[in-house]
Each structure stands twice: as C-alpha cells, then as structure tokens.
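Engineer: dropping the sequence and predicted coords here.
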Amino acid sequence: MNGQGASTSMPLIMRLFEKIADCFRKRPMSEESRIDLTDQGLNIIDASDNRMALKWANVKEIVAYKWDLFAYDEICIAFRLSDDDESWLEISERYHGFDDARCAMEEHFAPLPENWFSAVALPAFEENRTSIWRRESS
C-alpha cells in the first residue's frame, strides 16, 4: 500500500469524530416530549401531541434512576401504576417541564427521602436505581 489510502481517509475519520463530538458537546432538551402539570398529576405530550395522563392518586411506587449515555447521564423518574408491576410511566430530565414536575411530585408525595436526587445523580455513570416512594398496602 502506498499510504495514499490512509491520507485520503483521514479527513473522513476526522469528520466522523467531529460529528460524534458535536453530539456530546451540548445536551438539548427533548423536542419530542414535554410535561404539563394538572390539578391531579401531569400529562406527557409527545411531538405528535399524543397525551399520556398520570394521576397522582394512581401511583403505586416512584423509582428514580439514571441512564449512562456515554458522555453524560440522564436522570429519569418512573411511576408504577399497577399492582402487578406491568404498568409504568417514565419522565426524563430531558423533557420540557421536568423540573416543575419533579417539584410537584416532591410536594404531593412528601416526605420523600432527603437528598434523593443527589443520591441518584452521584456517582456519575452508575444507574443508582432507588425507590423513593411506595404506597402502603391497605
């Protein structure tokens, strides 16, 4: 090989690495989903304006965890809606309205474990799954 192939492919490799780096330089909010608060819970609305309603009264358990997405983590909160562990609704910190939803959840389900968010966030790149609230069986 005369080395010509390596030199002509180098710009392609550099462009590829630049594109990959661009993906991780900034973490945009999700344009696909947003969270709107209601008097009784929240709605998750996707880009097609489909709605999934969550009523606080239907929540059986709340679990917080983190996805390792290579260059950053994404914190999620999942709400279990059935006794059989089959129905869950998840919100992500990438959704517009996540912070307001988190505050409303903390207020409605108080008291939650102190510093639960930090316990999920740290250490980085670990799932740190934790149940932060569970409805008592009657």
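Structural biologist: Looks like it arrived, so ask away.

Engineer: isn't Cys76 right up against Ile91?
Structural biologist: Yes - judged on Cβ atoms under 8 Å, Cys76 makes contact with Ile91 at a distance of 6.7 Å. Using the backbone N, CA and C atoms, a C-beta is placed for each residue, glycine as well.

Engineer: if you count surrounding residues, which of the two has more?
Structural biologist: Ranked by neighbour count (other Cβ atoms under 10 Å), Cys76 and Ile91 place Ile91 first, with 22 against 19.

Engineer: surely that one is within a strand?
Structural biologist: Yes - using DSSP: H, G, I helix; E, B strand; the rest coil, the assignment for Ile91 is a strand.

Engineer: what sits against it?
Structural biologist: The contact partners of Ile91, taken as Cβ atoms under 8 Å, 6 or more residues apart in numbering, are Ile35, Leu42, Ile44, Cys76, Ile77, Ala78, Phe79, Phe98, Ala101.

Engineer: which of the residues you listed lies closest to Lys60?
Structural biologist: Among the contacts of Ile91, Phe79 lies closest to Lys60 (Cβ to Cβ), at 8.1 Å.

Engineer: what does the helix or strand containing the closest one contact?
Structural biologist: Here Phe79 is covered by strand 73-80, with elements defined by DSSP states H and E. Strand 73-80 is contacted by residues 54, 59-67, 87-94, 101-102, 105, 117, 120-121, 124-125 when judged by Cβ under 8 Å, 6+ apart.

Engineer: list the beta-bridge partners for the residue most central in space within the chain.
Structural biologist: The residue lying closest to the centre of the chain (Cα atoms, centre = their mean) is Ser92, at 2.4 Å. When assigned by DSSP bridges, Ser92 has beta-bridge partners Cys76.
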